[in-house]
Each structure stands twice: as structure tokens, then as C-alpha cells.
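> Give me the fold of what follows.
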Amino acid sequence: MNAAEGVAAESLRNHESGDSSAFGMHQADAGSDAYDRDFALSLLAKEQDAIYEINEALNRIARGTYGICEMSGETIPEERLEALPFTRFTVNCQAR
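Just a heads-up that it's a prediction; the model follows:
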């Protein structure tokens, strides 16, 4: 578990267990805690999205369709694949 997942998991545990320690805090501290929790959850969601996209790219490799645009059927340029290895679309199709 990385740091963001740890913070997110701890925040969720505290929330689910009814930890009301934030109620005794100054409003600014409670706001900072809420921001930290939301930020950690946002990072976790982005990491989960990236893991999903990477797994999908591995599936495309296994199927022999990696590097082929899912919208147009065109070959995705190597430079784009190097910059974004899990991309599913050419730049033109992504912009649509």
C-alpha cells in the first residue's frame, strides 16, 4: 500500500467508525483534514484509473491489438505510445 492509499484508508476507517475527533478541532484544522482526505482519495482514484488502463493495454498486447486505434483502426504513432503507453486512440480520435 502506498502513502495515498494509506491516508485514504485511514480516513475512511475514521469516518466509518464515527471518529468525531474533528468536532473538537478548530474549523481551519477540520477543513485541512477534509482537504487532505479528499486529496488522498483523488490520488487513489487516479492511480486506480491508471492501473485499469495499464491492464487494458496488457490485454490488447495479448490480443495483438496494441497500438491500433479503437475508433479508427489506424496505427497509433510510436511517439504517442512512448508518451502514453496505455493510449487507445490516435491524437485525432482522442480530440473528437
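
> which stretches of the chain have low pLDDT?
Applying pLDDT under 70 to the chain flags residues 1-25.

> Please parse this structure into its domains.
1-51, 65-96 (automatic domain parsing).

> Tell me how many other residues surround Ile76.
Residues near Ile76, counting by other CB atoms under 10 Å, number 21. No exception for glycine: its C-beta is placed from N, CA and C like everyone else's.

> Show the contacting residues for it.
Contacts for Ile76 were tallied using CB atoms under 8 Å, 6 or more residues apart in numbering; they are Gly67, Ile68, Cys69, Thr87, Phe89, Thr90.

> nearest spatial neighbour of the last one, skipping sequence neighbours?
This points to Thr90. In space, and not counting its chain neighbours, Thr90 is closest to Cys69: 4.6 Å by CB to CB, 6 or more residues apart in numbering.

> ok, now Ala57?
Nearest to Ala57 is Phe86, by CB to CB, 6+ apart, at 4.0 Å.

> Distance-wise, check the most centrally placed residue in the chain relative to Arg60.
With distances taken as CA atoms, centre = their mean, the residue of the chain nearest its centroid is Lys46 (1.4 Å). To Arg60, Lys46 is 21 Å away according to CB to CB, to the nearest Å.

> before we move on, what about Cys93?
For Cys93, the distance to Arg60 - CB to CB - is 15 Å.

> This structure: helices as residue ranges?
3-16, 27-63, 78-83, 91-95 (DSSP state H).

> Run the chain-centre distance for the third one.
For helix 78-83, the separation from the chain centroid amounts to 20 Å (computed by CA atoms, centre = their mean, to the nearest Å).

> in that helix, what's buried?
Residues of helix 78-83 classed as buried by neighbour count (16 or more other CB atoms under 10 Å): Arg80.

> Using PDB, write out the CA atom coordinates for it.
The C-alpha trace of helix 78-83 is given here as PDB (Å, rounded to 0.1, in the frame of the first residue of the first chain):
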ATOM      1  CA  GLU A  78       5.200   5.100 -31.900                       C
ATOM      2  CA  GLU A  79       5.900   8.600 -30.400                       C
ATOM      3  CA  ARG A  80       2.400   8.700 -28.900                       C
ATOM      4  CA  LEU A  81       2.700   5.200 -27.500                       C
ATOM      5  CA  GLU A  82       6.100   6.100 -25.900                       C
ATOM      6  CA  ALA A  83       4.500   9.200 -24.300                       C
END
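
> No further questions, thank you.
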